[in-house]
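1. just to be clear, the model below is a prediction. Sequence and coordinates:
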2 protein chains.
Amino acid sequence: MLVIKIGGSVFGEIEKLAGDAMGFAGSGLIIVHGGAAETTRIAEKMGKQQRFITSASGFRSRYTDRETMEIFEMVVAGKINKEIVAALRKKGIDALGLCGADGGLLRATKKIMKAVDEGGKEKIIRDDYTGKIESVNTELLRVLINNGYVPVVAPIALSSEFELLNTDGDRAAAMIARSVGAEKLIMLTDVDGYCANFPNDLLREIRAGDLPAHIQKATGGMKRKLLAAKEAVEGGVREAVIANGKKEKPITNALAGEGTVVRMML
Amino acid sequence: MLVIKIGGSVFGEIEKLAGDAMGFAGSGLIIVHGGAAETTRIAEKMGKQQRFITSASGFRSRYTDRETMEIFEMVVAGKINKEIVAALRKKGIDALGLCGADGGLLRATKKIMKAVDEGGKEKIIRDDYTGKIESVNTELLRVLINNGYVPVVAPIALSSEFELLNTDGDRAAAMIARSVGAEKLIMLTDVDGYCANFPNDLLREIRAGDLPAHIQKATGGMKRKLLAAKEAVEGGVREAVIANGKKEKPITNALAGEGTVVRMML
């Protein structure tokens, strides 16, 4: 079983990626995607300014109030999910799009979001619809895959109070990968992998034990990809690969070791 | 098997409706929804004025250019579909949302849209992403239902060129009902049924043979509901009911004959 996360920065290359994915569809493939940049673009078009919150440990999150959550649903579960499905189907892949609310696929708890104010003090953000995934309905994924479908998952989960929550795509992919017992997780983005001193010193391999130091050091989206990689390999996924989705045959190449490969041990 | 179409005018009553739906979930239930009004609202918020086209036979359609189609995807397959799923799950129904592109559920051909200009002349509208459903992947619906899920379908289909197309929710529901061999199709809206002289003369029963005259006479959304009812019963559905979704227990009541019931013969 293979789980592939497609970042927003590679949606433009989706046809190339879809062509490469064809070769892996038969042996159990699950695709998870993001959509942060497009959500920001559409929100601004609708006159809804987006705010981002940085936690004390340096993770940046979208402040997802009710109105932003509705926009997130539209963009991620609607536009992006269905356009990826159409592109995959065009290449002969029997793709089927879902979000985590569908069939109880992803269950999450609401995060208690804290932001650091200018004086360095933490304060709690109220009215935020961001979730941490707690469980995955692997039975649903198994039913779909056994019937020949390739699930394409939008990173929205449902809380125990049945609220739709914004979840991070990389971490959703990691949770799915460990829950289904995937052998590998590939996170496709617009850089070649993790650079210890960005944009220099691309690391080809990272041992899980070295991840905390890299997570602390990394910034932006890479910080969360490393965290997702940690969650995946700690949960039994043999390899988590951060690779460039803008190159030719991105999946084939990532499986051949191109990119940054994270393993429990080398 | 029972197919229920939920119109946009009853989304506000979705919790009530979801509670009533619970009793029917076990015996094969498929829900199809619309979203026209919400699409118009969001489009206007995004500064995209909506245009509607009236055909020579009096059917009104949204002019769906590329940008409008993207908004339709967002609103219908994203926001509305996922909010219905969340509301149904809250009532204990194992709902799973899809659009017609997912798993090849709905295949359509692009319609050749014609509008009548002021001089009464028909002209072809280019660049329109509106589709007529040609086939339904009933096997996918069967897999989902046999595994305990209630499919919730957004009226978007995929063309043979893998383009996402806007389709009418009532007619999509009718096509699904006839394809799966449903016994009944219920179309829930914000009026009590079809009135021969709106808002008077509510017809309790219509024979299929009398439908063409009523279709010709009806206007707006009702015209298309009658057409959908005709397509359903001609395709073997025993009854198509047009009923009020804003009342208590709308499904139970529609099955008991409240509303306008269309049958092949009385």
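-> It's in. Residues are numbered from 1 along each chain as shown, chains lettered A, B, ... in the order given.
2. all strands of the stretch 151-266 of chain A, in order?
-> With DSSP state E, counting those that start in this stretch as the definition, the stretch 151-266 of chain A shows strands at residue ranges A:156-158, A:164-166, A:184-189, A:195-197, A:200-202, A:205-207, A:239-244, A:260-263.
3. got those as a markdown table, with mean pLDDT columns?
-> Written out in a markdown table, the entries for the strands of the stretch 151-266 of chain A read as follows (pLDDT from 0 to 100):
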| stretch | mean pLDDT |
| --- | --- |
| strand A:156-158 | 98 |
| strand A:164-166 | 98 |
| strand A:184-189 | 98 |
| strand A:195-197 | 92 |
| strand A:200-202 | 92 |
| strand A:205-207 | 95 |
| strand A:239-244 | 98 |
| strand A:260-263 | 97 |
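4. out of these, which is closest to residue A:251?
-> Taking CB to CB as the criterion, residue A:251 comes closest to strand A:184-189 out of the strands of the stretch 151-266 of chain A, the separation being 6.3 Å. Any C-beta I mention is one placed from the backbone N, CA and C, and that applies to glycine too.
5. so what strands line up beside that closest one?
-> Its sheet considered, strand A:184-189 pairs with strand A:2-6 (parallel), strand A:239-244 (parallel) by DSSP bridges.
6. include mean neighbour count and distance to residue A:198 when you put those strands into TSV, please.
-> Shown next, in TSV, are the strands paired with strand A:184-189 (neighbours: other CB atoms under 10 Å in any protein chain shown; distance: least, CB to CB, whole Å):
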stretch	mean neighbour count	distance to residue A:198
strand A:2-6	28	20
strand A:239-244	25	13
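7. same list (those strands) but as TSV, adding distance to residue B:115.
-> As requested, the strands paired with strand A:184-189 are exported to TSV (distance: least, CB to CB, whole Å):
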stretch	distance to residue B:115
strand A:2-6	39
strand A:239-244	47
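8. worst-scoring helix or strand of chain A, pLDDT-wise?
-> For chain A, the helix or strand with the lowest mean confidence is strand A:113-116, at a mean of 76 (criterion: mean pLDDT, DSSP states H and E).
9. go through the helix or strand just after that one and flag the buried ones.
-> Once the chain leaves strand A:113-116, the next helix or strand it forms, by DSSP states H and E, is strand A:122-125. For strand A:122-125, the buried set under the neighbour-count rule, 16 or more other CB atoms under 10 Å in any protein chain shown, comprises residue A:125.
10. next: stretch A:149-160.
-> By neighbour count, and taking 16+ other CB under 10 Å as the criterion, the buried residues in stretch A:149-160 are A:149-159.
11. near chain B, which residues of the stretch 151-266 of chain A are found?
-> Along the stretch 151-266 of chain A, the residues adjacent to chain B under the rule CB under 8 Å from any CB of the partner chain are A:156, A:158, A:162-164.
12. so residue A:240 bridges to which residues?
-> Beta bridges link residue A:240 to residue A:185, residue A:262 when assigned by DSSP bridges.
13. contact partners for it?
-> When the contact criterion is CB atoms under 8 Å, 6 or more residues apart in numbering or on different chains, the partners of residue A:240 are A:174, A:177, A:184-187, A:228-229, A:232-233, A:261-262.
14. nearest to residue A:144, of these?
-> Taking CB to CB as the measure, residue A:177 is the one of these closest to residue A:144, at 15.8 Å.
15. tell me who's in contact with residue A:55.
-> By CB under 8 Å, 6+ apart, the contact set of residue A:55 is A:61, A:113-116.
16. what are the phi and psi angles of it?
-> The phi/psi pair for residue A:55 (degrees, to the nearest 10) reads phi -80, psi 170.
17. which residue does chain A have closest to chain B?
-> Per CB to the nearest CB, residue A:78 is where chain A lies closest to chain B, at 2.3 Å.
18. thinking again about what came up before, output the contacts of residue A:240 as a markdown table; include the columns neighbour count.
-> Rendered in a markdown table, the data for the contacts of residue A:240 read as follows (neighbours: other CB atoms under 10 Å in any protein chain shown):
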| residue | neighbour count |
| --- | --- |
| A:174 | 31 |
| A:177 | 31 |
| A:184 | 19 |
| A:185 | 32 |
| A:186 | 26 |
| A:187 | 33 |
| A:228 | 25 |
| A:229 | 29 |
| A:232 | 29 |
| A:233 | 24 |
| A:261 | 23 |
| A:262 | 29 |
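19. and those residues, which is closest to residue A:21?
-> Nearest to residue A:21 among these is residue A:186, at 10.4 Å by CB to CB.
20. ok, that closest one touching residue A:4?
-> Yes: using CB atoms under 8 Å, residue A:186 makes contact with residue A:4 at a distance of 4.9 Å.
21. ok, which stretches of chain A are helices?
-> Residue ranges of the helices in chain A, as given by DSSP state H, are A:14-21, A:36-45, A:66-72, A:81-90, A:138-146, A:169-180, A:211-217, A:220-234, A:250-255.
22. check which helices and strands the fourth one sits against.
-> Contact here means 3 or more CB pairs under 8 Å, 6 or more residues apart in numbering or on different chains; DSSP states H and E; on that basis helix A:81-90 packs against helix A:14-21, strand A:29-33, strand A:95-99, strand A:150-154, strand B:156-158, strand B:164-166.
23. same thing with the second one?
-> Packing partners of helix A:36-45 (3+ CB pairs under 8 Å, 6+ apart): helix A:66-72.
24. pLDDT at residue A:123, what is it?
-> Turning to residue A:123, the model gives it a pLDDT of 81.
25. residues near the closest residue to residue A:249 other than its chain neighbours, how many?
-> Leaving aside its sequence neighbours, residue A:249 sits nearest to residue A:20 (CB to CB, 6 or more residues apart in numbering or on different chains; 4.8 Å). One way to gauge burial is a neighbour count; for residue A:20, by other CB atoms under 10 Å in any protein chain shown, it gives 20.
26. so where's chain A shaky on pLDDT?
-> When the per-residue scores of chain A are filtered using pLDDT under 70, the ranges that remain are A:266.
27. try 80 this time
-> Under the criterion pLDDT under 80, the flagged ranges of chain A are A:113-120, A:126, A:265-266.
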